[in-house]
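Peer 1: sequence? don't have it. structure:
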């Protein structure tokens, strides 16, 4: 089995993912979080942003992994994927979870 782990990829995925965030109403305690999540997702996957891959870059690695007689177990595509994997491996889960949760704040920006 081979695991291809890309970093952020500039596709229409951002809007597709955002469209799945349920609308829980203007009075929802999660309203601000959901707005921040949508904004963060759009910004993270914005074409032209440093570290954001093209679909072609990811596809090239998939083809490489699929056609290699001895593929690597894991392919990290792009610097963000490599960095996040390294940091996750170095941090205890509680610290990792706290760091990731700060990426999408619950308070208004």
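Peer 2: It's in. Quick caveat, the model's predicted, so the values are computed rather than measured. Numbers count the residues shown, from 1 in each chain.
Peer 1: okay, CA-based contacts and neighbour counts for the rest of this
Peer 2: Will do.
Peer 1: could you count how many residues lie near the residue nearest to residue 33 when sequence neighbours are not counted?
Peer 2: The shortest distance from residue 33 to any residue other than its chain neighbours is 4.6 Å, reached at residue 106 (CA to CA, 6 or more residues apart in numbering). Residues contacting residue 106 under the criterion other CA atoms under 10 Å number 17.
Peer 1: please apply the same query to residue 53.
Peer 2: Counted with other CA under 10 Å, the neighbours of residue 53 add up to 23.
Peer 1: ramachandran angles for residue 81?
Peer 2: phi -60, psi -40 (degrees, to the nearest 10).
Peer 1: wait, it touches residue 6, no?
Peer 2: Yes: between residue 81 and residue 6 there is a contact at 5.9 Å, judged by CA atoms under 8 Å.
Peer 1: okay, these two: which has more neighbours?
Peer 2: residue 6 (22 against 16).
Peer 1: gap between the more buried one and residue 97?
Peer 2: Going from residue 6 to residue 97 by CA to CA, to the nearest Å gives 20 Å.
Peer 1: over to residue 26?
Peer 2: Using CA to CA, residue 26 is found at 28 Å from residue 97.
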